[in-house]
Structures are given as structure tokens and as C-alpha cells.
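Student: From the sequence below, what's the structure:
(one chain, ligands or ions: 2)
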Amino acid sequence: MSNLQNYWPEPIVRVRSLSESGITEIPSRYVKPLEDRPAPVTEFDPDVNIPVIDLGVGGGGGGGWPGSVLGQVSEACREWGFFQVVNHGVDRSLMREMREKWREFFHLPEELKAEYANTPCTYEGYGSRLGVEKGAVLDWSDYYFLHYLPSCLRDPNKWPALPPLFREMIAEYSKQVVELCGRLMNILSINLGLPEAFLLDKFGGDDHLGACLRVNFYPKCPQPDLALGLSPHSDPGGLTILLPDENVPGLQVRRGDRWITVNPVPDAFIVNIGDQMQVLSNANYKSVEHRVIVNSGKERVSLAYFYNPRGDILIKPADELVTEDCPALYPPMTFNEYRLYIRTKGPRGKSQVDALKSPR
Ligand code: OGA
Ligand code: NI
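Tutor: Ligands and ions are numbered 1, 2, ... in the order given. The predicted model follows:
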């Protein structure tokens, strides 16, 4: 798929090892330029949060989505690009167990994790940087990336074999999260005034669309005001379903010229619109920039499930949403072409989807 090389430009340093080495100052390659550093945490307002929406799945209602659910999701997609969902249909104990098992994985000795080390060619496996630019300022995090869909890319042998029964758990979690994505795709289609299967169809249908998991591990950072766990970016794909660490805030969402710190609700997922959804909806839905801050007291684990269109079909604004008054804002492009950019440069704000805009 890509012309990316099979090796990283510099020796890989595991951020967790660095964190546990007892350093009191972070190496300069993690120090962000002044203008990119996070504001001290005391400036954040605990009363401001992204919308929280009760989907009511499993409530025995059946037969279509209540208008209030549709309305809340519609507003969140158009105004925020981010929302939390509760009563989403995914097993809560499975969510907690997944998070704790991944935490255990990241705490395994480095020699055991080394066998899963990834390369920029596919990103699959255990990694500690995004992007291949030599000398880039790095983020304070390690991660694990794996494919679930399309099934031709699924290779459980590349998933961690430890702790025991972990692979089975990853498969079950993936299945349930993909079902949740299907429900959200229906709601998002209806809210555009289109048939409920519309977006799924544009993504290439059940058999071809993509679903992959990135588990982020943010170790304690001795100088959290100088670093970021994940630099500002928008997610390149369709939808993201994030399982945050309930006890440790870290995700911040762009709102105008402010960064809002998300306050995770118990057992909720954080949902956000990706760039491909912004393109398909002709910017009715917003893919919003976000970043992750770190802290000196607690490590943080998050599971980001990316639900993406099939890589080789052209994604463009839906004809049904293009009129004389609302011309198509983006030219057609495949997701494979689009994704190469972020994989080459690493996270870079919203420059990519903005650069795509057709001149008017
Ligand atoms: C991501 C992401 C947020 C978080 O993985 O793309 O934005 O809270 N993660 O870890
Ligand atoms: Ni993201």
C-alpha cells in the first residue's frame, strides 16, 4: 500500500523505560516549542465538557431511534465533532477488562514486548513514534496498533499472546465496538436526511471497511508542561471510538481557540468524527483537532478504535449533499492515499483535510 520504509529513522526509545529510569528532566527530543506547550492544568474548567448522550441501547425500546437521540447526536457532530455515549450496547465489564489487560501488557518487561516491535511500513505492533521525519520532536507515549477488519488484514498472531486469553478478549471487544459503529453510522446517515445504510455503503460495506485499534500508553512524565502525550491532530478515518482511562484526564478537544479537557463519564465511550466523514458529509460533520496532555502523577491508558472506509475506493462529498448553494468542498481521494500523509509526517493539526479543500 505504501512507499514507506521498513525502518525508523532513529533508534527507538521506549517512553515507559525512560519514565521508569528515574530521570527528572525529559530529553530535548520530547520538549515542544513554547507555542505548542500545554497550559498549566490549573487553568482548565471542570464544568465544561463535550456532550454526553444516552443511546438507550438494551433498554428494550426497539423500533427506531428516538428523535431526542437523533437530535443530540446531530448537534454534537455538527457543533463539536466529539461526544460521549452511555448505554451504547458494549459490555461494561469487557471494557474494563480490556483496559486493564492492556495496562498489564505495557508493564511486561521490554524484552517480551520487543518481539512485537513495529515498523513504519504497516505500523502493526508495538511502537513509540508516529511519523518518520528524522529529528522530529516526539510525543510522550508508547502504543500498540492492530487490524481487525477487513478480515484479510486480521492476523491474531501479531496480537499480544500475553496475558493469557488476551487475543480472544481483543476479538470479542472488536466485534462489539464494530457493532456500535454500525449503529452510529445508521444514526449519522439518518441525520443527513439519507437512508440509514447510506454511509456504511459509501465506506465499502461490511466486508471491506476497515477497523483497527491503537492502544495508547502515556507514562508518567516528570515535566508535563513541556511535553504532549499526543500532538494536535484530527483522526484521518471515519469514526473513532475511544475508551479513555476513567481516572486520569488527558484528552483535550479544540473549541475555537481553546482546548477543552474531556471529563470521562463512567463506562462511556468518547466518539469523534474523522476526516473521511467530514469529506463524505461535505463538512456538515466536523472532524475536530484534539491532543493529549500528560502528568507527573499517573500513567494513562486509552484504546482508540478507528472505523474507516475501505482503502481503495474514492471518498468524496455525497452527491445528495451537493447543491448550487453547497458545492462539493473536497475532491475525490482514496483513504489509502490520504493516510500516507499522516504516516509520513506524524500528527500535524488539521492541515491535511484543510489542504484538501477545493478552491471555490
Ligand atoms: C488517538 C487519540 C486520544 C487519547 O489515538 O487518535 O486521539 O485520549 N487518542 O488517547
Ligand atoms: Ni485522535
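
Student: For the stretch 151-300 of the chain, just list every one of the helices.
Tutor: Assigned by DSSP state H, counting those that start in this stretch, the stretch 151-300 of the chain shows helices spanning 166-190, 198-202, 275-280.

Student: Next, the buried residues of the shortest one.
Tutor: Pointing back at helix 198-202 there. Buried residues in helix 198-202, defined by neighbour count with 16 or more other C-beta atoms under 10 Å: 198-200, 202. Placement of C-beta: from N, CA and C, glycine included.

Student: Reformat these as CSV; add pLDDT and distance to ligand 1.
Tutor: Shown next, in CSV, are the buried residues of helix 198-202 (pLDDT from 0 to 100; distance: C-beta to the nearest ligand atom, whole Å):
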residue, pLDDT, distance to ligand 1
F198, 98, 25
L199, 98, 20
L200, 97, 22
K202, 97, 22
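
Student: from these, which single one is nearest K134?
Tutor: K202 (37.7 Å; C-beta to C-beta).

Student: Apart from its chain neighbours, what residue comes closest to that closest one?
Tutor: L280 (5.8 Å; C-beta to C-beta, 6 or more residues apart in numbering).

Student: Now L70: closest residue in space, sequence neighbours ignored.
Tutor: According to C-beta to C-beta, 6+ apart, the nearest residue to L70 is N191 (5.8 Å).

Student: quick one: contacts for that neighbour?
Tutor: Counting by C-beta atoms under 8 Å, 6 or more residues apart in numbering, N191 touches 70, 73-74, 77.

Student: quick one: the strands in the protein?
Tutor: Listed in chain order, the strands of the chain (DSSP state E) span residues 52-54, 82-86, 125-127, 142-149, 210-218, 230-233, 239-243, 251-255, 258-261, 269-273, 290-292, 300-308, 314-315, 333-334.

Student: Any chance of these in TSV with mean neighbour count and mean pLDDT as columns?
Tutor: Formatted as TSV, these follow (neighbours: other C-beta atoms under 10 Å; pLDDT from 0 to 100):
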stretch	mean neighbour count	mean pLDDT
strand 52-54	18	97
strand 82-86	23	98
strand 125-127	21	97
strand 142-149	22	98
strand 210-218	24	98
strand 230-233	21	96
strand 239-243	24	98
strand 251-255	21	95
strand 258-261	18	92
strand 269-273	25	98
strand 290-292	23	97
strand 300-308	24	98
strand 314-315	18	96
strand 333-334	15	94
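
Student: Make JSON lines out of those and add distance to ligand 1.
Tutor: Putting the strands of the chain into JSON lines (distance: least, C-beta to the nearest ligand atom, whole Å) gives the following:
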{"stretch": "strand 52-54", "distance to ligand 1": "16"}
{"stretch": "strand 82-86", "distance to ligand 1": "10"}
{"stretch": "strand 125-127", "distance to ligand 1": "12"}
{"stretch": "strand 142-149", "distance to ligand 1": "8"}
{"stretch": "strand 210-218", "distance to ligand 1": "4"}
{"stretch": "strand 230-233", "distance to ligand 1": "6"}
{"stretch": "strand 239-243", "distance to ligand 1": "6"}
{"stretch": "strand 251-255", "distance to ligand 1": "4"}
{"stretch": "strand 258-261", "distance to ligand 1": "11"}
{"stretch": "strand 269-273", "distance to ligand 1": "7"}
{"stretch": "strand 290-292", "distance to ligand 1": "5"}
{"stretch": "strand 300-308", "distance to ligand 1": "3"}
{"stretch": "strand 314-315", "distance to ligand 1": "19"}
{"stretch": "strand 333-334", "distance to ligand 1": "20"}
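
Student: can I get these in CSV with distance to P156?
Tutor: Shown next, in CSV, are the strands of the chain (distance: least, C-beta to C-beta, whole Å):
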stretch, distance to P156
strand 52-54, 33
strand 82-86, 28
strand 125-127, 13
strand 142-149, 9
strand 210-218, 12
strand 230-233, 26
strand 239-243, 20
strand 251-255, 29
strand 258-261, 36
strand 269-273, 23
strand 290-292, 28
strand 300-308, 16
strand 314-315, 29
strand 333-334, 27
